[in-house]
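**Q** predicted coordinates and the sequence they were generated for:
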Amino acid sequence: MVEPQIVVLVVAGSSPVGHPPRSTKTWVAQLLSYRNDIVAGKMLQNRNVLLTQHFIFVISRAMVRNHSGTWRSSAHSRSLSNYQWIVAFATLTLLLVTRQPSKAQTAEAGQVTVTGEPVPTPTPHDNWREMRQHIMPEVSGTEITVTKKATVIKLDQQPPIENNDLQDLFLKAPGFQITDQHTPGQFNFNYRGLGNPQESEFTLVLRDGLPLMSDWIGFPTLYYLPLPQAISEIQFIRGGSSLLYGPEPAPAMNFVTKHPEPGSPWNFYTEQIGGAYGYYSTFNAIQEAVGPLEFRLDGGYVRSDGQRDNSAYDLWQTDLYVGYRPDERQLLALDFYSSRFSGGDPGRITYKQWVNDPNFSFTPFNHDWVDRYTTVLRYERDFGDGWLLQAKGWFTHQEIDARTVANTNPAAPHPFPSSTLFSYEEFNNGGADIRLRKLWGDGIIFKGSALTFGGVVYHGDAPFQRYTLTDETSGPDFLTAPRGTTSDLVPLDQSRTSNYQSIFFEDLIRIGKFHMVGSFRLDHEDVEVDSAAAPWLATVPPTGPASISADHWVPLWGFGMGNDFGNRNETYFSASSGWRPTRFFDIAGTSRTIAFGESIPDPFHSLDFELGVHGTPYKGFWYDVGLFWMLFDNRTETQNISNTDFIILNTGSSRHRGLEGELSYDFLAPSNIRQCPKCNLSPAKG
């Protein structure tokens, strides 16, 4: 048995104030020392002892570059020169350890035998190992992804992602745009220029196939992402994502949680990283899966003083997984995810203001809190004869609280605002997702075909209150009042609910190397907002309704086809529809609602076409080149007709078209035994 391996990651560095604020970039230097009985896939003479030493030392780019200008330091950060002793000490330690034999890293292993066995796959042209490093399998569990351009981002093949550096996290997703925000309490994504990136309202983000949005239908905003260290891969699905997962036009991003491999022994991992502006990150995990019980517990903490005034934050996350396998065909599992965020909001400043003072904040009293807790119960069963069941039930509780103050005006006689607005949004939602898959066509020309079908039900409650704090109502400390503070001034009090149901099916038909996919999905949404206090109810008579709702049925369709040719190459084409649901704010916002007698808006609709080719014609090389054309129809916007009312106007359609391409080559592939597509490394029996 190999002893548990500990990898300590160390980051040190500072970021210059003389450049625009941005996430810390890192370089990775890996010091690897391997002595084992497998080299480039060949067996050495001594096959009884396995010695492994693996160290990773991460160095900030700021440590090896000189910058002119001033440097900002906090109580938790040091200048560049003060980090030299850390680098020297860490380097010396690594050199000494690699020179000394370590009993903790020496393990007696049984005889190792390399055998050639077919890789299990539901289709004959599916699981080439090299292609699985870049795209999802044609049939992934109960989901058909072939022809959908489903990219896979393997996080173990990338350097550690730190300091909310999401640009590096999505390097393999061309066309995906990220609006950087230093504090990890809100995330702003956009794809192919479709819609406003604020809070990622036009993209669907999931974890293990379940939505991460605050409210999937009524408030599809993103205030939470799991730490990258807890994720094994990110599945990035373009056209056809609405057919797989439901509302929001392409793409869908699915974060796949790390779980222990069946049969793996106890092992432990720890990561400690420090950096400029008081940055510190720790992540720790322990797991095992020996016998029928499986277990994993991980936790992370991240903090920073921030690059600007009032940009400090703290983030805590914990994940728990417990699984039980009564036999090799069944799995009953429980997942629990928790996250707590607390951080300042420095506000937005112009470039001219930033040049004058890069640290300045117009909103020194603004603060955000985001808590999220999710429980998932899932059951999987392989019935044999190509039948597979995957069922999930989940519940999420999320709180988004904010202390918002008007901008300060240092030049005014009274520079500080006279009131504070506290907002409390609570989200309690959950549902069930049941999917079945049937493999068919064996023994006839349709070998490798598959049928999937299932249904989803979802319900969400999202109460929303706002309170105004002043010196008279809350005392002289109203600008810095703690979380949970209320007052008798209630400008907004809403009860919001959303319901969603869906049924769907997809059929993959294979005829040799040619394949085609037909898809259909029927979605139903129902959203309602009941207001007990709102600006449009403050007048007599009220100018807008106290209760308003929207109800829509949305049919979706899709068709795709492709052909395998040459040495692991594939063409793909897909045409699919999608939609964006009617939100709470589309019928009743915080200051305005739809006026009496005006119609309820219809949902946005999208039509997406993808045409391309990808493959791994030789070992280590990957390419994917494709054209896209997206029509976004029934776009609507609000037109204010008073201080408390608005109407919905159809502003037409938008077209988004272009070319996406990706090329990559693994220079170590020729000597990497893991690339062997049909080799299984296992202990010898006997």
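**A** Everything's here; your move.

**Q** please give the element, helix or strand, for the closest residue in space to Phe336 that isn't next to it in sequence.
**A** Distance criterion Cβ to Cβ, 6 or more residues apart in numbering; nearest residue to Phe336, sequence neighbours excluded, is Leu320 at 4.4 Å. Any C-beta I mention is one placed from the backbone N, CA and C, and that applies to glycine too. Following DSSP states H and E, one finds Leu320 within strand 313-324.

**Q** and the next helix-or-strand element following that strand, how far from the chain's centre?
**A** Going down the chain from strand 313-324, the next helix or strand is strand 330-344, by DSSP H and E. Taking Cα atoms, centre = their mean, to the nearest Å, one finds the center of strand 330-344 at 13 Å from the center of the full chain.

**Q** one more: stretch 652-661?
**A** Centroid separation for stretch 652-661 versus its chain: 24 Å, with Cα atoms, centre = their mean.

**Q** again with stretch 594-604
**A** On Cα atoms, centre = their mean, the centre of stretch 594-604 falls 33 Å from that of its chain.

**Q** check stretch 441-450 too.
**A** Counting by Cα atoms, centre = their mean, stretch 441-450 comes out at 35 Å from the chain centroid.

**Q** cool, and stretch 452-463?
**A** The answer for stretch 452-463 is 20 Å, by Cα atoms, centre = their mean.

**Q** quick check: domain ranges of this structure?
**A** Split into domains by automatic domain parsing, the chain comes to 1-110, 129-257, 267-673.

**Q** which of the ones you listed sits most buried?
**A** domain 129-257 (a mean of 22; mean count of other Cβ atoms under 10 Å).

**Q** what mean pLDDT does that one have?
**A** What domain 129-257 shows for mean pLDDT is 86.

**Q** use 56 as the first number for this chain going forward.
**A** Yes, from this point I'll number from 56; that puts the last item at domain 184-312.

**Q** who's the closest residue to Tyr555 other than its chain neighbours bridged to?
**A** Nearest residue to Tyr555 in three dimensions, chain neighbours excluded: Tyr513, at 4.2 Å (Cβ to Cβ, 6+ apart). Beta-bridge partners for Tyr513, by DSSP bridges, are Gly486, Tyr555.

**Q** OK, contacts around Tyr513?
**A** Contact partners of Tyr513, counting by Cβ atoms under 8 Å, 6 or more residues apart in numbering, are Trp271, Ile272, Asn484, Gly485, Gly486, Ser553, Asn554, Tyr555, Gln556.

**Q** can you do 6 Å?
**A** Residues counted as contacts of Tyr513 (Cβ atoms under 6 Å, 6 or more residues apart in numbering) are Trp271, Gly486, Tyr555.

**Q** also Thr648?
**A** Trp591, Gly599.

**Q** quick check: the gap between it and Ile603.
**A** Thr648 sits 6 Å away from Ile603, going by Cβ to Cβ, to the nearest Å.

**Q** and Gly509, helix, strand or coil?
**A** strand (DSSP: H, G, I helix; E, B strand; the rest coil).

**Q** need the pLDDT of it.
**A** 97.

**Q** may I have the beta-bridge partners of it?
**A** Arg490, Phe559.

**Q** could you measure from Phe452 over to Phe519?
**A** To be clear, residue 452 is His; Phe isn't right here. With the distance defined as Cβ to Cβ, His452 ends up 15 Å from Phe519.

**Q** now do the strands in the stretch 206-355 of the chain.
**A** 231-234, 243-246, 259-262, 265-266, 286-292, 307-312, 322-329, 335-343, 348-359 (DSSP state E, counting those that start in this stretch).

**Q** quick one: distance of the second one to the chain centre.
**A** Translated: strand 243-246. Taking mean C-alpha positions (Cα atoms, centre = their mean), strand 243-246 and its chain are 12 Å apart.

**Q** packing partners of that strand?
**A** The helices and strands touching strand 243-246, judged by 3 or more Cβ pairs under 6 Å, 6 or more residues apart in numbering; DSSP states H and E, are strand 231-234.

**Q** list the strands paired with the strand it packs on, with their directions.
**A** Take DSSP bridges as the rule and strand 231-234 pairs in its sheet with strand 243-246 (antiparallel).

**Q** which residue ranges of this structure form helices?
**A** Secondary structure of the chain (DSSP state H): helices located at 139-154, 184-187, 221-224, 296-300, 406-411, 526-529, 639-642.

**Q** now do the third one: distance to the chain's middle.
**A** Computed by Cα atoms, centre = their mean, the separation of helix 221-224 from the middle of its chain amounts to 11 Å.

**Q** got the CA positions of it in CSV?
**A** Provided in CSV are the C-alpha atoms of helix 221-224 (Å, rounded to 0.1, in the frame of the first residue of the first chain):
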residue,chain,number,x,y,z
LEU,A,221,-11.6,32.7,-13.3
GLN,A,222,-9.9,33.8,-16.5
ASP,A,223,-7.4,31.0,-16.1
LEU,A,224,-10.1,28.5,-15.0
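
**Q** could you list every helix and strand that that helix packs against?
**A** Against helix 221-224 (3+ Cβ pairs under 6 Å, 6+ apart) you get no helix or strand.

**Q** apply 10 Å and report the result again.
**A** Applying 3 or more Cβ pairs under 10 Å, 6 or more residues apart in numbering; DSSP states H and E, we find helix 221-224 packed against strand 231-234.

**Q** again, but for the second one
**A** When contacts are defined as 3+ Cβ pairs under 10 Å, 6+ apart, helix 184-187 sits against strand 205-209, strand 659-670, strand 676-695.

**Q** show me how far the first one is from its chain's centre.
**A** To tie it back to what came earlier, the one meant is strand 205-209. That offset, for strand 205-209, works out to 12 Å (Cα atoms, centre = their mean).

**Q** kindly provide the distance from the nearest residue to Leu662 once chain neighbours are set aside to Gly248.
**A** Closest residue in space to Leu662, ignoring its immediate chain neighbours: Leu686 at 4.5 Å, by Cβ to Cβ, 6+ apart. Look at Leu686 and Gly248: by Cβ to Cβ, they are 13 Å apart.

**Q** just Tyr334 next, same as before
**A** 32 Å.

**Q** next: Asp353.
**A** 36 Å.

**Q** please apply the same query to Pro470.
**A** 39 Å.

**Q** circling back to that earlier point, redo the strands of the stretch 206-355 of the chain as TSV? Include distance to Asp548.
**A** Below are the strands of the stretch 206-355 of the chain laid out as TSV (distance: least, Cβ to Cβ, whole Å):
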stretch	distance to Asp548
strand 231-234	31
strand 243-246	28
strand 259-262	29
strand 265-266	26
strand 286-292	38
strand 307-312	34
strand 322-329	43
strand 335-343	39
strand 348-359	34
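
**Q** out of these, which gets nearest to Phe676?
**A** strand 286-292 (20.2 Å; Cβ to Cβ).

**Q** off-centre distance for the closest one?
**A** 8 Å.

**Q** mind giving me the packing neighbours of that strand?
**A** Strand 286-292 packs on strand 205-209, strand 259-262, helix 296-300, strand 307-312, going by 3+ Cβ pairs under 10 Å, 6+ apart.
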